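Engineer: just coords:
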């Protein structure tokens, strides 16, 4: 009996670990204009913009985070910007964090769930989840 219980506990721990690891990796956003690398730091997940389709402006210089509400960050390159912050794993969902939209300079509450192993739904919203928009991102292999 104790042996069976030990196996069940180990299986549960292993399964939770596998689910958590699936969020990590590189993802292509729904417009196919950006790639975001999601990593786990401590007990939270973060996503950094690592590639954009058109990385340079009209002058051939790297595009900047010109719409950032913080004037001190507007001269920072878009590539390398952390756009997903402080996401916590709750069962099979990441939540309680935020997503930053560099096109508008706005930050939204965020919820992320996997749809199979190669797609995830990212929902950005204000206040309650019903007041938001969902994007489907695809894992880059």
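Structural biologist: Nice, thanks for sending it over. Not measured: the values here are computed from a predicted model.
Engineer: what are the phi and psi values for residue 70?
Structural biologist: Dihedral pair for residue 70: phi -90, psi 110, per degrees, to the nearest 10.
Engineer: Ramachandran coordinates for residue 73?
Structural biologist: Backbone torsions of residue 73, given as degrees, to the nearest 10, read phi -100, psi 0.
Engineer: in stretch 28-45, what's buried?
Structural biologist: 29, 34-38, 44-45 (16 or more other C-beta atoms under 10 Å). C-beta: built from backbone N, CA, C; applies to glycine.
Engineer: and if you look at stretch 61-77?
Structural biologist: So stretch 61-77, judged by 16+ other C-beta under 10 Å, has buried residues 64-65, 68.
Engineer: tell me the mean pLDDT for it?
Structural biologist: Regarding stretch 61-77, the rounded mean pLDDT is 97.
Engineer: rewinding a little: TSV for the buried residues of stretch 61-77, including secondary structure and distance to residue 87?
Structural biologist: TSV is the format used below for those (DSSP: H, G, I helix; E, B strand; the rest coil; distance: C-beta to C-beta, whole Å):
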residue	secondary structure	distance to residue 87
64	strand	25
65	coil	20
68	coil	20
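Engineer: if we can go back for a sec, and which of the buried residues of stretch 28-45 is nearest to residue 120?
Structural biologist: Within those, the smallest distance to residue 120 is 9.0 Å, found for residue 38 (C-beta to C-beta).
Engineer: ok, that closest one touching residue 27?
Structural biologist: Yes - counting by C-beta atoms under 8 Å, residue 38 touches residue 27, with 6.4 Å between them.
Engineer: what residues are shared contacts of those two?
Structural biologist: Listed as contacting both residue 38 and residue 27 by C-beta atoms under 8 Å, 6 or more residues apart in numbering are residue 47.
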